[in-house]
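# Any chance you can model this:
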Amino acid sequence: MRQADNDLKTPIRTLTVATMLFSSSITDTFAGSFAQIDVAEDSKTLIFATKAGDWNLAAVASDWGDGELYSASAVKNVIAASEQQPFNLGLGIALSQKIYDEDGEDDSQGIGLKAVIDSYQTHDWGNSFWLAEYVTTDNNWLLMTQLLPSNTAFGLQLTAVGDDSYSGQSMALLYRLENTPWTLRTGVQHDSDDTKLFIGASYNTF
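Purely as a prediction, here's the structure:
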């Protein structure tokens with residue numbers, strides 16, 4: 001039975017890593033790419049994303065000490081932002097896998113539908129970015145906003161995530177390195193079990 005579980009896990013892990021490698025290798029070919037790493041005392045998260053035409057590809061790998069998460073998704077834009085309405089709407093599919101312990105009794109994997117709404121807005125004081133995601137697998141959801149004033153290199157990111165068994169929030173102070181796509185990050189992550197500090201960095205050519 002354990003071998004059968006491993007047979008299911010390997011393709012999802014492989015697809016996640018392949019998506020990350022693909023995303024990181026096509027920065028100059030497509031419209032943009034995004035990469036982010038956050039590290040806390042007992043956890044780390046890697047995110048890769050890229051845009052290829054109307055398609056958005058993304059992959060996440062996370063390790064929180066007593067478990068791991070792998071996911072990969074492909075989402076196609078069905079509504080594009082314009083002067084009349086400021087948001088993009090995308091629909092697609094997502095694969096996900098959670099690994100909790102060595103015996104695999106609590107492990108799970110699945111495929112679900114994914115919906116994404118995002119909006120980049122310009123203001124008198126600077127820019128803001130808004131993102132909402134929902135995946136039918138485990139009712140997984142994410143809400144995120146970035147506030148980026150134009151008169152300083154600093155910014156603020158607020159994030160909330162959750163599913164059927166977990167919910168958490170984070171607040172990050174951002175520092176954008178001048179004339180580069182790099183941003184340094186530090187902040188606080190909070191869930192029902194713990195509150196901890198994290199540091200990280202992101203690379204964004206969108």
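# Following the chain past the helix or strand containing residue 141, name the next helix or strand.
In this assignment (DSSP states H and E), residue 141 forms part of strand 140-149. With elements assigned by DSSP H and E, the helix or strand that comes after strand 140-149 is strand 154-162.
# Who does that next one pair with, and is each partner parallel or antiparallel?
In the sheet containing strand 154-162, its partner strands are strand 140-149 (antiparallel), strand 167-176 (antiparallel), by DSSP bridges.
# If we go by neighbour counts, what in the last one is buried?
Taking 16 or more other C-beta atoms under 10 Å as the neighbour-count basis, strand 167-176 is seen to contain the buried residues 168, 170, 172, 174, 176. In short, each C-beta sits where N, CA and C put it, glycine included.
# will you turn those residues into a markdown table that also has distance to residue 32?
As requested, those are exported to a markdown table (distance: C-beta to C-beta, whole Å):
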| residue | distance to residue 32 |
| --- | --- |
| 168 | 27 |
| 170 | 23 |
| 172 | 21 |
| 174 | 18 |
| 176 | 16 |
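# Same list, the residues you listed, but as JSON lines with pLDDT please.
Formatted as JSON lines, the buried residues of strand 167-176 follow (pLDDT from 0 to 100):
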{"residue": "168", "pLDDT": "92"}
{"residue": "170", "pLDDT": "96"}
{"residue": "172", "pLDDT": "98"}
{"residue": "174", "pLDDT": "98"}
{"residue": "176", "pLDDT": "96"}
